[in-house]
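Colleague: sequence unavailable; structure follows:
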């Protein structure tokens, strides 16, 4: 297949059923495995990072850098954690286990913290500026830690998946926007683990799952009152991104409706982007962010595929 050919893959593996019996009453449904909770994710074992580095002056403008022991230059995965964009829900520790796992594969990780709702300066535009500046900060630390700036992938989970997708739109942000930062670092690809791609279409669902009006709080108003803000942070409104995207969803994930992400992936492909949607059977929202789950090998292969192409 030509590398310029647009591609879209929707992978869905169903549960196996016992079909040999002719009497449906004798067939028993396979019990569904229990799903991971936020507490399960936050209690996974994690090693201390190699370096704790600030990219700004705010206490939440820092990242944890993990660097492989082998000789560089090292490819880099920027990790952006979720938690409904709320300070009380999550921190960068959530993706520390992924950082440990990728380090074993010879991949450096830059696990970033950012200002979240409930903290001064969070929301529009602060949270987005934090993510952009944290990514661009790799330019400053790359020489000391032997990082390969030509091989940088951004991976985000949940709310962090939304921010990861936004990072792929930065080349298109107009210079009169509060989100504008000149000359953003170019990315090799984006991996979105169950993060919204359209803030307008997903307000009710996110507010319900997060038990808060998180989307209007993030953007400082409704789509009717601040439409440009919604457009500038929604990947669906900025197509084509010009960056390869792999979107990984749990079959039992209900944070982002699957039809919404399938619609996005199709639109991205039609716009000329390389967009791949993978549905992982029998997992929910948090398994995709856990190296201890059945979803990990799929996530790992996605990372490796973007860094080696």
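Modeller: Perfect, thanks for sending it. Predicted model only: the values in this text are computed from it and were never measured.
Colleague: use CA for all of it now, contacts and neighbours both
Modeller: Will do.
Colleague: who's in contact with the most centrally placed residue in the chain?
Modeller: Nearest to the geometric centre of the chain sits residue 156, at 2.0 Å (Cα atoms, centre = their mean). By Cα atoms under 8 Å, 6 or more residues apart in numbering, the contact set of residue 156 is 79-82, 162-164, 191-193, 195.
Colleague: which one of those residues is nearest residue 101?
Modeller: residue 79 (12.4 Å; Cα to Cα).
Colleague: quick one, phi psi at that closest one?
Modeller: Main-chain dihedrals, residue 79, degrees, to the nearest 10: phi -100, psi 130.
Colleague: and it, what are its bridge partners?
Modeller: residue 111, residue 155 (DSSP bridges).
Colleague: neighbours around residue 304, how many?
Modeller: For residue 304, the neighbour count with other Cα atoms under 10 Å is 15.
Colleague: go on, residue 225?
Modeller: For residue 225, using other Cα under 10 Å, the count is 10.
Colleague: SS state for it?
Modeller: Here residue 225 takes the coil state, with states given by DSSP: H, G, I helix; E, B strand; the rest coil.
Colleague: report pLDDT for it.
Modeller: Note on residue 225: pLDDT of 98.
Colleague: in the stretch 51-200 of the chain, where is pLDDT below threshold?
Modeller: Nowhere does the stretch 51-200 of the chain drop to pLDDT under 70.
Colleague: do a quick rundown of the strands in this structure.
Modeller: 10-11, 51-54, 62-66, 74-80, 108-112, 147-157, 189-193, 245-250, 275-280 (DSSP state E).
Colleague: got JSON lines for those, with distance to residue 141 too?
Modeller: Shown next, in JSON lines, are the strands of the chain (distance: least, Cα to Cα, whole Å):
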{"stretch": "strand 10-11", "distance to residue 141": "37"}
{"stretch": "strand 51-54", "distance to residue 141": "9"}
{"stretch": "strand 62-66", "distance to residue 141": "10"}
{"stretch": "strand 74-80", "distance to residue 141": "12"}
{"stretch": "strand 108-112", "distance to residue 141": "10"}
{"stretch": "strand 147-157", "distance to residue 141": "8"}
{"stretch": "strand 189-193", "distance to residue 141": "20"}
{"stretch": "strand 245-250", "distance to residue 141": "25"}
{"stretch": "strand 275-280", "distance to residue 141": "30"}
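Colleague: how about the ones you listed, which one is nearest residue 171?
Modeller: Using Cα to Cα, the strands of the chain put strand 189-193 closest to residue 171, at 13.6 Å.
Colleague: and that closest one, what does it pack onto?
Modeller: Packing partners of strand 189-193 (3 or more Cα pairs under 8 Å, 6 or more residues apart in numbering; DSSP states H and E): strand 147-157, helix 159-167, strand 245-250, helix 296-308.
Colleague: tell me what angle the first one forms with helix 296-308.
Modeller: In this case it means strand 147-157. 140 degrees (axes from the mean of the first three to the mean of the last three Cα atoms, to 10 degrees).
Colleague: go through strand 147-157 and flag the buried ones.
Modeller: Buried positions in strand 147-157, judged by neighbour count with 16 or more other Cα atoms under 10 Å: 147-149, 151-157.
Colleague: kindly report the same for stretch 104-112.
Modeller: Applying 16+ other Cα under 10 Å to stretch 104-112 flags 106-112 as buried.
Colleague: the residue nearest to residue 89 when sequence neighbours are not counted: neighbouring residues, count only.
Modeller: The shortest distance from residue 89 to any non-neighbouring residue, by Cα to Cα, 6 or more residues apart in numbering, is to residue 83 (5.1 Å). Burial of residue 83 is recorded as 19 neighbouring residues (other Cα under 10 Å).
Colleague: so what's residue 83 up against?
Modeller: Contacts for residue 83 (Cα under 8 Å, 6+ apart) come out as 89-91, 158-160.
Colleague: now the buried members of those.
Modeller: For the contacts of residue 83, buried by 16+ other Cα under 10 Å: 90-91, 158-160.
Colleague: for these, which one is nearest residue 249?
Modeller: residue 158 (10.1 Å).
Colleague: quick check: chain neighbours aside, which residue is closest to that closest one?
Modeller: Excluding the flanking residues, the one nearest residue 158 by Cα to Cα, 6+ apart is residue 195, at 4.1 Å.
Colleague: cool, thanks, talk later.
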